[in-house]
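**Q** take this sequence and fold it.
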Amino acid sequence: ADLFEGIVMAEQRFHGEGYQEGYAEGSHAGMAEGRRYGALHGARIGSEIGCYLGFALTWHCLLQKCTDERNSKKMRALDSLIGMIQKFPYEDPTYDKLQEDLEKIRGKFKQVCSMLNIQSDFRIGSERSSLTF
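**A** Numbering: from 1, shown residues only. Here you go, the predicted model:
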């Protein structure tokens with residue numbers, strides 16, 4: 001009876017072992033893929049935010065010398081954008097409002113570009129030289 005029980009139960013045993021091996025391998029592969037995706041996505045967001053900050057700081061320096069009312073509105077908008085970027089939680093990937101705050105920064109950037117009469121997608125003639133996000 002034990003000989004037949006081993007044969008009959010082999011399918012169930014192999015199924016269980018295969019499931020455990022597959023689960024362990026899938027978990028490992030999923031972690032590696034998740035890390036790669038997170039690093040790539042984080043680098044894109046960092047590059048985008050860095051571009052906005054460099055843009056805002058440059059324009060802030062350029063407009064400091066001008067003191068008329070139109071430029072003071074632009075300066076306030078630039079200060080607001082810089083403040084939003086400085087408050088952005090770079091170090092906390094679990095921040096629940098990360099996408100919401102990123103959208104606010106994008107919106108403020110577009111507003112500043114509109115005030116400065118600059119295209120917000122930075123297209124410079126050919127598709128290769130554009131900096132779109």
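**Q** tell me the helix or strand right after the host helix or strand of I49.
**A** Using DSSP states H and E, I49 sits in helix 2-63. Downstream of helix 2-63, the first helix or strand assigned by DSSP H and E is helix 69-87.
**Q** CA atoms only for the next helix or strand after that following helix, dumped as PDB, please.
**A** Downstream of helix 69-87, the next assigned helix or strand under DSSP H and E is helix 98-116. In PDB, the C-alpha atoms belonging to helix 98-116 read as follows (Å, rounded to 0.1, in the frame of the first residue of the first chain):
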ATOM      1  CA  LEU A  98       4.100  62.500  -4.200                       C
ATOM      2  CA  GLN A  99       2.300  62.400  -7.500                       C
ATOM      3  CA  GLU A 100      -0.100  65.100  -6.400                       C
ATOM      4  CA  ASP A 101       2.800  67.400  -5.300                       C
ATOM      5  CA  LEU A 102       4.600  66.700  -8.600                       C
ATOM      6  CA  GLU A 103       1.600  67.700 -10.600                       C
ATOM      7  CA  LYS A 104       1.400  71.000  -8.600                       C
ATOM      8  CA  ILE A 105       5.000  71.700  -9.400                       C
ATOM      9  CA  ARG A 106       4.400  71.000 -13.000                       C
ATOM     10  CA  GLY A 107       1.400  73.300 -13.000                       C
ATOM     11  CA  LYS A 108       3.400  76.100 -11.300                       C
ATOM     12  CA  PHE A 109       6.200  75.600 -13.800                       C
ATOM     13  CA  LYS A 110       3.800  76.000 -16.700                       C
ATOM     14  CA  GLN A 111       2.300  79.100 -15.100                       C
ATOM     15  CA  VAL A 112       5.800  80.600 -14.700                       C
ATOM     16  CA  CYS A 113       6.700  79.700 -18.300                       C
ATOM     17  CA  SER A 114       3.500  81.400 -19.500                       C
ATOM     18  CA  MET A 115       4.300  84.500 -17.500                       C
ATOM     19  CA  LEU A 116       7.800  84.600 -19.000                       C
END
